[in-house]
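Engineer: the sequence and its predicted three-dimensional model are supplied below.
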Amino acid sequence: MTAPVFLVDPADLDTDPVLVTGAEGRHAATVRRIGVGETVHLVDGAGNRAHCVVTAVGRDTVTCAVRERVHEEAPVPRITVVQALPKGDRGELAVEVMTEAGVDAVVPWQAERCVTRWRGDRAAKALAKWRSAARAAAKQARRSRIPEIAEPAGRAEEVAELLASASLGIVLHEEGAVRLSELELPEKLSAPGGHVVLVVGPEGGFTDAELAAFEAVGAVRALLGPTVLRTSTAGVAALAVLQARCDRW
């Protein structure tokens with residue numbers, strides 16, 4: 001069984017032994033019931049991992065002796081998903097599963113036809129929930145890197161700028177001219193700095209103006225498959241295809 005992962009501050013990860021405290025220490029000691037002699041992995045969320053053996057357990061602390069330190073490079077190409085806001089808590093589900101599948105960054109997008117609206121305090125709380133979901137899912141998936149959950153994009157022009165900066169910009173669309181599984185991938189994707197930006201639209205679909213803005217910067221419409229997926233599940237399905245096609249899986 002793979003060793004459980006706990007998140008610690010970068011400065012703490014450089015010490016030996018490492019004292020895991022706070023919410024992580026409490027979770028390890030009282031929820032996971034980690035015992036002396038067990039192997040655990042400590043990560044800082046930025047690619048650094050320490051293989052450790054537990055030497056002491058307190059009420060809400062765990063002391064870990066470091067056996068090995070490794071730095072895990074970020075995969076190439078980087079994959080960013082621009083996720084239109086789903087209804088209810090489906091956004092958190094989308095972030096959770098995409099994190100488990102290996103997404104590098106997620107940009108919440110207030111598309112024109114989104115039913116859900118992020119405003120004021122609600123926006124701050126919703127964004128915090130997405131980030132919390134990414135953090136928990138990264139540990140579940142034993143990742144050393146927590147995906148970035150960016151500040152929300154409110155206009156199509158903001159998304160278009162992101163697409164323009166990418167090595168490959170893809171817009172998932174049921175009327176796409178090519179299947180994502182057959183889309184020609186540019187050679188520059190495998191070079192350092194390679195970046196795919198994938199846009200997942202809202203339940204109500206893209207507006208003509210949004211599509212025009214995306215295609216004006218070179219984004220490609222791609223069809224995922226013969227079935228219609230919810231906006232909260234389309235991203236992870238497309239991510240899986242890209243992971244395999246880009247040799248990240």
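Structural biologist: Thanks, I have the structure now.
Engineer: quick one, longest helix in this protein?
Structural biologist: Counting residues, the longest helix in the chain under DSSP state H turns out to be helix 120-140.
Engineer: which strands and helices sit next to that helix?
Structural biologist: Here helix 120-140 touches strand 5-7, helix 90-101, strand 105-109, strand 148-149, going by 3 or more Cβ pairs under 8 Å, 6 or more residues apart in numbering; DSSP states H and E. Every residue, glycine included, has its C-beta placed from N, CA and C.
Engineer: could you rerun that using 6 Å?
Structural biologist: helix 90-101, strand 148-149 (3 or more Cβ pairs under 6 Å, 6 or more residues apart in numbering; DSSP states H and E).
Engineer: adding distance to V31 and mean neighbour count, write the ones you listed out as TSV.
Structural biologist: As requested, the helices and strands packed on helix 120-140 are arranged in TSV below (distance: least, Cβ to Cβ, whole Å; neighbours: other Cβ atoms under 10 Å):
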stretch	distance to V31	mean neighbour count
helix 90-101	18	22
strand 148-149	24	18
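Engineer: not counting sequence-adjacent ones, nearest residue to K188?
Structural biologist: S167 (5.0 Å; Cβ to Cβ, 6 or more residues apart in numbering).
Engineer: in the longest helix of the chain, what counts as buried?
Structural biologist: A123, A126, L127, W130, R131, A133, A134, R135, A136, A137, A138, K139 (16 or more other Cβ atoms under 10 Å).
Engineer: now the angle from that helix to helix 90-101?
Structural biologist: Calculated by axes from the mean of the first three to the mean of the last three Cα atoms, to 10 degrees, helix 120-140 forms an angle of 30 degrees with helix 90-101.
Engineer: tell me the mean pLDDT for helix 120-140?
Structural biologist: For helix 120-140, mean pLDDT is 95.
Engineer: could you chop the protein up by domain?
Structural biologist: Listed by the TED database, the domain ranges of the chain are 5-71, 78-246.
Engineer: ok now the last one, how far from the chain's centre?
Structural biologist: Here domain 78-246 is found 10 Å from its chain centre; the criterion is Cα atoms, centre = their mean, to the nearest Å.
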